[in-house]
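Enquirer: A predicted structure for the sequence below; I have some questions about it.
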Amino acid sequence: MDLKAPGNGKLCPTPREIVNGISELARGDGNLGRFGTFSAVIYDTAWLSMVYKRDRGKTSYLFTKCFDYLLETQKEDGTWTTYGSQIDGILNTLAALLSMVKRRKCISQDFKEETTLHHRIQMAQSGAQSLLQSWDVDKTVHVGFEVLVTGLLRQLGLFNLQFEFPGYAKLMLLYERKMQKFSPDLIYSNKKTTILHSLEALTGMIEFDRVSHHCSEDLGIFGSPAATAAYLINASKWDQRAATYLESVVTSYGNSGRVPSAFPTSIFEISWVCYISIQINVLST
């Protein structure tokens, strides 16, 4: 099948030919049905950096490169990058801060490492406070931000890290409205729901053992590295399916430690290519 554009002397394929051709490629040996090209993000990278396994009383972190990447990318003001809006920097910084305070708790008698990490945590705490202080909650449109931010603030509070900021009351009002529609039964059932993609925000609020049926080696928890990491951390039994999924995400992004907010994205990207191809076909006729 030739998917070349018009103007090269060949007829432009029909929409059906385009869809059938891409479908054939996806089912072929090239494993086109399992890939992702979303940009890597600090938020999900931070969640993977928290994944550990206990064996004979010893804690071993699975994705040390993810934590190294957090250390490498912390800015001089203590925060982490903001991609396009205020909420990006807030989510990235709070998640990275949570990872560092958890890691500090597990450091064993390494004074130099503990001192360095303590300084970085102080910087991150100050940076997060500054970001929250200037945050205009009313202008935030990120899907589920009211659940994600409050989830991180609640978990940081367990480490005696508290934040006060002008938009806090508004944030909690939005959170309470959203949670009025939520019941743990939504995710304990077999029904797929979008809240699964942000499962990490429910840490401390749900029984993670009861969502194991949503996990698979191919998609983890709803194709979300962060949600899958949170599930693996909080479930009472080690789930190798989740670990395999996370390992595949890290490998697919070059083993650099950086991971995206969703993987794989092949269905989305193939669908998008089909849509654009169809539009081009319509416009050219």
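Expert: That came in fine, so what should we check first?

Enquirer: which residues does the nearest residue to Thr82 once chain neighbours are set aside contact?
Expert: Using C-beta to C-beta, 6 or more residues apart in numbering and skipping residues adjacent in sequence, the residue nearest Thr82 is Gly89, 3.3 Å away. Heads up, the C-betas are built off the backbone N, CA and C, glycines and all. By C-beta atoms under 8 Å, 6 or more residues apart in numbering, the contact list for Gly89 reads 79-82, 131.

Enquirer: if we go to 10 Å?
Expert: Gly89 makes contact with 42, 75, 79-83, 127-128, 130-131, 135 under the criterion C-beta atoms under 10 Å, 6 or more residues apart in numbering.

Enquirer: dump these to JSON lines, plus secondary structure.
Expert: Converted to JSON lines, the contacts of Gly89 look like this (DSSP: H, G, I helix; E, B strand; the rest coil):
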{"residue": "Ile42", "secondary structure": "helix"}
{"residue": "Lys75", "secondary structure": "coil"}
{"residue": "Thr79", "secondary structure": "coil"}
{"residue": "Trp80", "secondary structure": "coil"}
{"residue": "Thr81", "secondary structure": "coil"}
{"residue": "Thr82", "secondary structure": "coil"}
{"residue": "Tyr83", "secondary structure": "coil"}
{"residue": "Gly127", "secondary structure": "helix"}
{"residue": "Ala128", "secondary structure": "helix"}
{"residue": "Ser130", "secondary structure": "helix"}
{"residue": "Leu131", "secondary structure": "helix"}
{"residue": "Trp135", "secondary structure": "coil"}
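
Enquirer: hang on, the residue nearest to Thr82 is in a helix, isn't it?
Expert: Yes: secondary structure of Gly89 (three-state DSSP): part of a helix.

Enquirer: separation between it and Ser130?
Expert: 10 Å (C-beta to C-beta, to the nearest Å).

Enquirer: and Val141, how far from Lys191?
Expert: 26 Å.

Enquirer: neighbour count winner among these two?
Expert: Set side by side, Val141 and Lys191 show more neighbours around Lys191, with 10 against 7, by other C-beta atoms under 10 Å.

Enquirer: that one: what's it in contact with?
Expert: For Lys191, the contacting residues are 185, 214, by C-beta under 10 Å, 6+ apart.

Enquirer: so it, which state does it fall into?
Expert: Lys191 - assigned by three-state DSSP - is coil.
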